[in-house]
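Peer 1: generate coordinates for the sequence data below:
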Amino acid sequence: MLNARPVEGRFRTLRANVNAILVLILFAVPWIRIGGEPLVLLDIAARRFHVGGLVIFPQELYLLWLLVIGLAISLFFFTALAGRLWCGWACPQTVFTDVFAGIARRVEGWKGHARPKRVAPWRRVLLHAIWLACSAAIGFHLVGYFHSPYTMLGEIRAGELSATTIGFFTFATLVSYADFVYVRQTFCKFLCPYARFQSVMFDRDTLVIGYDARRGDPRGKRAEGDCVDCGLCVQVCPSGIDIRDGLQLDCIACTQCIDACDGVMAKLGREPSLIGYRALATLEGLRPARVLRARVVVYGAILAVIGLAFGSLLARREALSVEIIRNRAELVHMTADGRASNAYTLHIQNRSREPRRFRVALDADGAPGFELVTGMNPVAVAASDEVETRVFVLAPRDADVGIEGREIRFEVSAEDDASAQVVRPARFLGKGATG
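Peer 2: Model prediction:
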């Protein structure tokens with residue numbers, strides 16, 4: 001486990017502020033509600049996916065997939081522009097590893113850049129207790145993205161927390177503890193797939209953290225090049241690499257080498273940014289970096305298409321969805337008075353944010369003389385919820401249904417909104433039908 005030397009500087013200060021904001025966002029999002037709905041809740045058990053106040057049902061998973069694809073393309077887009085900006089500034093692995101390392105420096109009693117030669121046992125116990133508490137907080141909020149934290153608190157008070165929830169919480173806590181305490185940047189070097197395929201998204205104009213060899217070399221104490229070969233950039237690197245060796249897979253663009261080098265340059269009275277954000281083409285002295293280029297335009301165009309498709313699907317999204325399921329146990333039931341009866345289950349989804357009452361009826365023109373029998377009509381459905389109701393359709397005794405059956409149509413409409421109306425066909429089978 002590598003313990004990088006801490007460093008101070010403009011990027012270190014900015015990253016500390018960004019870390020605080022990102023941790024706050026990660027912990028706050030499961031608690032935020034918009035119009036009574038969670039901001040983000042992937043409730044797999046209830047088959048509800050809440051994103052930005054929008055409730056996505058299983059039949060609309062294409063919307064969720066569009067969001068996921070859009071996020072992936074966004075990562076490609078920003079990687080093409082600014083390299084591993086995600087890795088260095090926003091990845092939870094980097095953020096929490098940095099936070100845990102900061103806690104260690106405070107509890108162990110570091111003096112500036114120096115770690116104490118001997119750490120008191122009580123400090124080590126306290127440190128691991130704090131780390132475990134932080135890991136538990138992370139685990140609780142990670143589970144909170146799949147099981148409402150409000151619900152979990154109620155279950156904890158009532159002593160009704162399920163074994164599944166406890167299991168996922170324990171797993172998330174232990175993984176967080178092991179990852180941010182022991183694994184750290186080793187995850188980035190050996191386990192993270194993003195580091196492996198980033199080279200496909202890089203080109204000569206991608207912004208990376210690089211060493212200006214034309215200005216810094218030859219290195220040494222003499223005033224031949226600006227680099228005095230102090231090795232501080234290596235000491236502060238959490239991955240343990242030498243940025244002066246060029247672009248490397250292990251570099252996560254954390255900017256610590258920039259702050260370290262700028263500090264040395266300031267003491268020597270030389271210009272900063274010997275190590276800094278630059279495009280590869282600029283580092284090699286080929287030409288100035290180009291922002292607009294083919295891959296950036298392509299990624300941007302794909303993002304625009306995904307955004308338009310998502311917006312179009314939302315605009316055409318129906319506030320009411322109805323599915324009709326035939327009773328397969330008994331296709332046709334003959335009543336005592338000789339009438340054919342078919343049973344159906346109506347699955348009604350209210351996708352609006354208001355509770356509604358839906359009236360179920362038969363299209364009289366398509367089924368003259370047919371009778372609808374329901375247990376409840378209208379059917380009350382809560383906001384962003386769904387209800388199943390069982391109905392029976394009786395045919396007149398003299399109806400010509402035939403073995404193949406005939407088509408009937410169910411009409412489901414909201415009592416308070418005439419536009420929320422759905423007509424769904426179903427097949428009515430007569431005596432002797434086999435389905």
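Peer 1: now the helices for the stretch 201-350 of the chain?
Peer 2: Using DSSP state H, counting those that start in this stretch, the helices found in the stretch 201-350 of the chain span residues 213-216, 232-235, 256-268, 280-283, 294-315.
Peer 1: equivalent analysis for the stretch 51-200 of the chain, please.
Peer 2: Under DSSP H, counting those that start in this stretch, the stretch 51-200 of the chain gives helices at 61-82, 85-89, 92-108, 121-144, 149-158, 163-178, 186-190, 193-201.
Peer 1: where does this structure have low pLDDT?
Peer 2: 1-2, 112-114, 199, 222-223, 403, 432-435 (pLDDT under 70).
Peer 1: and the residue nearest the centre of it?
Peer 2: Centroid-nearest residue in the chain, with C-alpha atoms, centre = their mean: V68, separated by 7.4 Å.
Peer 1: re the thing from before, dump the helices of the stretch 201-350 of the chain into TSV; add mean neighbour count and distance to R33 as well.
Peer 2: Every C-beta, even on glycine, is put in place using the N, C-alpha and C of the backbone. Formatted as TSV, the helices of the stretch 201-350 of the chain follow (neighbours: other C-beta atoms under 10 Å; distance: least, C-beta to C-beta, whole Å):
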stretch	mean neighbour count	distance to R33
helix 213-216	15	53
helix 232-235	19	46
helix 256-268	20	38
helix 280-283	18	46
helix 294-315	13	20
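Peer 1: ok so, going back, now the helices of the stretch 51-200 of the chain as JSON lines including distance to V298?
Peer 2: Shown next, in JSON lines, are these (distance: least, C-beta to C-beta, whole Å):
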{"stretch": "helix 61-82", "distance to V298": "9"}
{"stretch": "helix 85-89", "distance to V298": "19"}
{"stretch": "helix 92-108", "distance to V298": "28"}
{"stretch": "helix 121-144", "distance to V298": "34"}
{"stretch": "helix 149-158", "distance to V298": "40"}
{"stretch": "helix 163-178", "distance to V298": "36"}
{"stretch": "helix 186-190", "distance to V298": "27"}
{"stretch": "helix 193-201", "distance to V298": "11"}
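Peer 1: quick one: closest of those helices to I325.
Peer 2: helix 61-82 (19.5 Å; C-beta to C-beta).
Peer 1: I21 and R390, how far apart?
Peer 2: 51 Å (C-beta to C-beta, to the nearest Å).
Peer 1: neighbour count: these two, which is higher?
Peer 2: R390 (14 against 11; other C-beta atoms under 10 Å).
Peer 1: tally up the residues packed near the residue nearest to that one when sequence neighbours are not counted, please.
Peer 2: Computed as C-beta to C-beta, 6 or more residues apart in numbering, the closest residue to R390 that is not its neighbour in sequence is T345, at 5.5 Å. Residues lying near T345 (other C-beta under 10 Å) number 13.
Peer 1: how near is T345 to D226?
Peer 2: Counting by C-beta to C-beta - T345 and D226 are separated by 77 Å.
Peer 1: and if you look at P425?
Peer 2: Relative to D226, P425 is positioned 78 Å away (C-beta to C-beta).
Peer 1: out of those two, which sits in the more crowded spot?
Peer 2: Using other C-beta under 10 Å, the more surrounded residue of P425 and D226 is D226, with 17 against 11.
Peer 1: roughly how far apart are C192 and R124?
Peer 2: Here the criterion is C-beta to C-beta. By it, C192 lies 29 Å from R124.
Peer 1: those two: which is more packed in?
Peer 2: Per other C-beta under 10 Å, whichever of C192 and R124 has more neighbours is C192, with 16 against 13.
Peer 1: got a list of what the more buried one touches?
Peer 2: Q93 (C-beta atoms under 8 Å, 6 or more residues apart in numbering).
Peer 1: so which of the helices of the stretch 51-200 of the chain is nearest L429?
Peer 2: Nearest to L429, of all the helices of the stretch 51-200 of the chain, is helix 61-82, at 32.2 Å by C-beta to C-beta.
Peer 1: buried residues of that closest one, list them for me.
Peer 2: For helix 61-82, burial by neighbour count (16 or more other C-beta atoms under 10 Å) applies to 63, 66-67, 70, 73, 75-82.
Peer 1: do stretch 239-253 as well
Peer 2: S239, I241, I243, R244, L247, C251, I252, A253.
Peer 1: in TSV, list those residues along with distance to P272.
Peer 2: Listed next are these as TSV, based on distance: C-beta to C-beta, whole Å:
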residue	distance to P272
S239	23
I241	21
I243	15
R244	16
L247	21
C251	20
I252	22
A253	18
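Peer 1: how is this structure carved up into domains?
Peer 2: In the domain annotation for the chain, the residue ranges read 1-317, 320-428 (automatic domain parsing).
Peer 1: once you drop chain neighbours, what's closest to E386?
Peer 2: Q349 (4.4 Å).
Peer 1: my guess is the one you found contacts E318. True?
Peer 2: No - counting by C-beta atoms under 8 Å, Q349 does not reach E318; the two are 9.0 Å apart.
Peer 1: who has more neighbours, those two?
Peer 2: The residue with more neighbours, out of Q349 and E318, is Q349; 22 against 13, by other C-beta under 10 Å.
Peer 1: got the phi and psi for G285?
Peer 2: Phi and psi for G285, reported as degrees, to the nearest 10, are phi 70, psi 20.
Peer 1: from R204, how far out is it?
Peer 2: For G285 relative to R204 (C-beta to C-beta), the value is 12 Å.
Peer 1: what about those two, which has more around it?
Peer 2: Here G285 and R204 are compared on neighbour count by other C-beta under 10 Å; more neighbours surround R204, at 15 against 9.
Peer 1: for that one, which residues are in contact?
Peer 2: A279, L280, A281, E284, L286.
Peer 1: surely the third one is in contact with R293?
Peer 2: No - under the criterion of C-beta under 8 Å, A281 makes no contact with R293, lying 10.7 Å away.
Peer 1: overlap in contacts of the two?
Peer 2: By C-beta under 8 Å, 6+ apart, the residues touching both A281 and R293 are D205.
Peer 1: brilliant, that's me finished.
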